[in-house]
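Novice: Provided below are the primary sequence and the corresponding predicted coordinates.
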Amino acid sequence: MAERPEDLNLPNAVITRIIKEALPDGVNISKEARSAISRAASVFVLYATSCANNFAMKGKRKTLNASDVLSAMEEMEFQRFITPLKEALEAYRREQKGKKEASEQKKKDKDKKTDSEEQDKSRDEDNDEDEERLEEEEQNEEEEVDN
Amino acid sequence: MAAAAGSGAPREEEGPGGDAAAPQPQAPTSVPGARLSRLPLARVKALVKADPDVTLAGQEAIFILARAAELFVETIAKDAYCCAQQGKRKTLQRRDLDNAIEAVDEFAFLEEAVLGIEPRTSGLLSMRSTI
């Protein structure tokens, strides 16, 4: 599905919620104004991406990273965003780290469980082997007696 | 169950329609005010990928762009509201937004895309007017 950049809009419901929370209670927004803000937000992302990409290319990197975006904010004269963005980034990194640790812990628990199950299994096998040996010895004794 | 909030769902949320509120990532309970983004990262990523010069974008970059877009929406809404207040209105109109864009230098990049005005500086981006 070929989409022009201008057609990629952010969800209206979320945009409306952000606007309403930014404004005092009782203030409304017309549909046209909201739609224009939504479009402006898309353009903002496109512009910021382009600026950030310039920084990435300067650093001879092919992947945009967080600091490229922060540099773009400065370039676009949105320095006031930089501090809240850094805080949000730290919170995001903590959350990602927490998620990663949680899933690694789950995996460890799963492995431990599998290990202990295997141990039980091998203990049973050992018992079986012992019994077989005993039987063999008895047979040998019988044979000796015969001889 | 299109709107099911998936536990353990990947960071990308695919929303079929524009108006459906996409399931949001959980906000951290420890730090009040440091909210994670409400905008769906998948949509932001689609915008980033629309740029032909961009090869790849890291997850953190997408997240920060989403958060920056939120801050931008808050900022422009507040600036537009100042104009509405002067006119003693309680409803933000399109013209309030237009005024804010013309008045605030940082919003100059919007002039072409939102107002359809030719940019003062030549070719910041090769974007066509959306009007």
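Specialist: Perfect, thanks for sending it. Numbers count the residues shown, from 1 in each chain, chains lettered A, B, ... in the order given.
Novice: C-alpha from now on. contacts and neighbour counts both.
Specialist: OK.
Novice: The helix of greatest length in chain B near chain A anywhere?
Specialist: Among the segments of chain B that qualify as a helix by DSSP state H, the longest is helix B:59-86. Yes: interface with chain A: helix B:59-86 contributes B:59-61, B:63-78, B:81 (Cα under 8 Å from any Cα of the partner chain).
Novice: In chain A, what residue spans correspond to strands?
Specialist: Using DSSP state E, the strands of chain A run over residues A:28-29, A:63-64.
Novice: Which neighbouring elements make contact with the last one?
Specialist: Other helices and strands packing on strand A:63-64, by 3 or more Cα pairs under 8 Å, 6 or more residues apart in numbering or on different chains; DSSP states H and E, are helix A:31-58, strand B:56-57.
Novice: Nearest to A:S116, out of the ones you listed?
Specialist: strand B:56-57 (42.8 Å; Cα to Cα).
Novice: for chain A, what are the low-confidence residue spans?
Specialist: Counting by pLDDT under 70, chain A contains low-confidence residues at A:1-7, A:126-147.
Novice: Break it down into its structural domains.
Specialist: Listed by the TED database, the domain ranges of chain A are A:1-76, A:95-146.
Novice: Would you mind putting those domains into JSON lines with mean neighbour count alongside?
Specialist: Formatted as JSON lines, the domains of chain A follow (neighbours: other Cα atoms under 10 Å in any protein chain shown):
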{"stretch": "domain A:1-76", "mean neighbour count": "18"}
{"stretch": "domain A:95-146", "mean neighbour count": "11"}
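Novice: what's near enough to touch A:E32?
Specialist: B:93-94 (Cα atoms under 8 Å, 6 or more residues apart in numbering or on different chains).
Novice: Could you count how many residues lie near the closest residue to A:A41 other than its chain neighbours?
Specialist: Among residues not flanking A:A41 along the chain, B:A69 sits closest, at 5.8 Å (Cα to Cα, 6 or more residues apart in numbering or on different chains). Close neighbours of B:A69, defined as other Cα atoms under 10 Å in any protein chain shown, add up to 26.
Novice: Surely B:A69 touches A:A40?
Specialist: No: using Cα atoms under 8 Å, B:A69 is not in contact with A:A40; the gap is 9.3 Å.
Novice: Check whether B:L39 sits in a helix, strand or coil.
Specialist: Recorded secondary structure, B:L39: coil (DSSP: H, G, I helix; E, B strand; the rest coil).
Novice: For chain B, which segments count as helices?
Specialist: Using DSSP H, helices in chain B cover B:41-49, B:59-86, B:94-103, B:110.
Novice: now chain A
Specialist: Under DSSP H, chain A gives helices at A:12-22, A:31-58, A:66-75, A:82-146.
Novice: Could the C-alpha coordinates of the shortest one be exported in CSV?
Specialist: C-alpha atoms of helix A:66-75 as CSV (Å, rounded to 0.1, in the frame of the first residue of the first chain):
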residue,chain,number,x,y,z
ALA,A,66,18.5,8.6,20.3
SER,A,67,21.3,11.2,20.4
ASP,A,68,20.7,12.0,16.7
VAL,A,69,17.1,12.9,17.6
LEU,A,70,18.2,15.0,20.5
SER,A,71,20.7,16.8,18.3
ALA,A,72,17.9,17.4,15.8
MET,A,73,15.8,19.0,18.5
GLU,A,74,18.6,21.4,19.2
GLU,A,75,18.9,22.2,15.5
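Novice: so what does that helix touch, helix or strand wise?
Specialist: helix A:31-58, helix A:82-146, helix B:59-86.
Novice: Distance to A:R93 added to the helices and strands packed on strand A:63-64, as TSV?
Specialist: Conversion of the helices and strands packed on strand A:63-64 to TSV gives the following (distance: least, Cα to Cα, whole Å):
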stretch	distance to A:R93
helix A:31-58	20
strand B:56-57	16
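Novice: For B:A113, which of those is the nearest?
Specialist: helix A:31-58 (7.3 Å).
Novice: Provide a list of residues in contact with the spatially most central residue of chain A.
Specialist: The residue lying closest to the centre of chain A (Cα atoms, centre = their mean) is A:Q96, at 5.8 Å. Counting by Cα under 8 Å, 6+ apart, A:Q96 touches no other residue.
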